[in-house]
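Asks: kindly generate the corresponding structure for this input.
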Amino acid sequence: MARIGVVSDVHGNANAFMAVLNQLGRLGVDELYCLGDIVGYGPAPARCLDLALTYCDLLVRGNHDEAVFMEDAQSRFNPIAWAAIEWTKQQLSPRDIDVLLHMKPMEITPRGITCAHDTPVQHETAYVLDLLTASEALSALRTPIGLVGHTHVPRVFTVAMDIVAEDFCPPEAIQVHVPTSGQPIPLPPDHLCLCNPGAVGQPRDNDPRASCALLDTEAGTFTVHRVEYDIDQTRTDTIEAGLPAVLGERLSQGV
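Replies: Presented below is the predicted three-dimensional model:
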C-alpha cells in the first residue's frame with residue numbers, strides 16, 4: 001500500500017512544478033508518477049525535465065514530449081502549439097531529447113497501476129472527457145486503476161468490474177466524478193477506475209491554480225489538490241522567451 005503523487009502536463013512551467021512538488025512533499029508521498037507532457041508551451045522545458053528526472057519514480061511520454069523528436073509531428077498541432085515546440089527544441093540538449101525518446105507512452109507499475117498520457121487504448125490517442133472515450137479507455141484497462149492526463153482537466157471515471165464484459169464497458173454505467181480540491185474520491189475495490197490529476201503547468205478547467213493528485217492505495221482514494229504559484233512570473237518569462245504571448249496570458253484564466 002502506498003501514497004502516490006500524480007502529476008501530468010507540466011508543459012515547461014517550472015514555477016508551477018516546484019509549487020506542486022513542494023505541496024506533495026508536505027502531504028507525504030512514497031512515490032511520484034508523471035504522466036507526460038513535461039515540455040511544450042512553457043518557458044522552462046529543460047528545467048522541468050531535470051525536476052521530473054530528479055523527483056519522479058515513473059515517467060511516461062506525452063505528445064508534446066514526442067513532438068520534439070518526431071519529424072512528422074507538425075500536422076498534429078495548431079500553429080501556436082507548434083511554434084512553442086519549435087522553440088522548445090532549441091532549449092533542449094541532445095541528452096534531453098534522448099531521454100524523451102526513450103520514455104514509453106504507457107507503463108504498468110509493479111503496484112499494478114496503468115499509467116498513460118492520454119488513454120490506455122493501445123496505439124490510440126484520445127481526450128478522455130466524455131462517456132464514450134471513457135468507455136473505450138476503461139474497456140482497455142488491464143489493471144483496476146488507470147492514470148491518464150492530456151485533457152488538462154481533473155476527472156475520475158469509475159465503473160463496476162462485473163458490468164464490463166468482453167472488453168466492452170457500457171457508457172451509461174460509468175460514474176463521472178468532478179474533483180474538488182482536497183476532497184478524496186473513493187475508488188471502490190470492485191470497480192475499474194480511471195483518474196486524471198489535471199494539469200500542473202496549464203490548467204484548462206477555469207481554475208488557474210496548478211493541479212496534482214494523491215492516490216492512496218490503502219485508503220482507496222484519489223484526491224486532487226490545487227496549488228497557488230507565481231503565475232505573473234511565468235507569464236513574464238513566457239513573453240520574454242519569445243514564445244507566443246497567448247501561452248502566458250491564458251495561465252491566469254485557467255483555459
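Asks: contacts, neighbours, all on C-alpha from now
Replies: Will do.
Asks: can you report how many residues lie near the residue nearest to Ala19 when sequence neighbours are not counted?
Replies: Nearest non-adjacent residue to Ala19, counting by C-alpha to C-alpha, 6 or more residues apart in numbering: Tyr229, 6.0 Å away. Counted with other C-alpha atoms under 10 Å, the neighbours of Tyr229 add up to 18.
Asks: quick one, what contacts Tyr229?
Replies: Tyr229 is in contact with 15-16, 19, 209-210, counting by C-alpha atoms under 8 Å, 6 or more residues apart in numbering.
Asks: with neighbour count and distance to Glu107 added, can I get those in CSV?
Replies: Compiled in CSV, those are given as follows (neighbours: other C-alpha atoms under 10 Å; distance: C-alpha to C-alpha, whole Å):
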residue, neighbour count, distance to Glu107
Asn15, 20, 27
Ala16, 26, 25
Ala19, 19, 26
Arg209, 26, 28
Ala210, 27, 24
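Asks: and the helix or strand that contains Thr114, which strands flank it?
Replies: For Thr114, the host element (DSSP states H and E) is strand 113-116. Next to strand 113-116 in the sheet, as set by DSSP bridges, lie strand 106-108 (antiparallel), strand 145-147 (parallel).
Asks: then the following helix or strand past that strand to CSV, C-alphas only?
Replies: Per DSSP H and E, the first helix or strand lying C-terminal to strand 113-116 is helix 131-140. Output of helix 131-140 as CSV, limited to C-alpha atoms (Å, rounded to 0.1, in the frame of the first residue of the first chain):
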residue,chain,number,x,y,z
LEU,A,131,-18.6,8.8,-21.5
LEU,A,132,-17.7,7.4,-24.9
THR,A,133,-14.0,8.0,-24.7
ALA,A,134,-14.1,6.9,-21.0
SER,A,135,-15.9,3.7,-22.0
GLU,A,136,-13.2,2.9,-24.5
ALA,A,137,-10.4,3.6,-22.0
LEU,A,138,-12.0,1.6,-19.2
SER,A,139,-12.6,-1.3,-21.5
ALA,A,140,-8.8,-1.3,-22.3
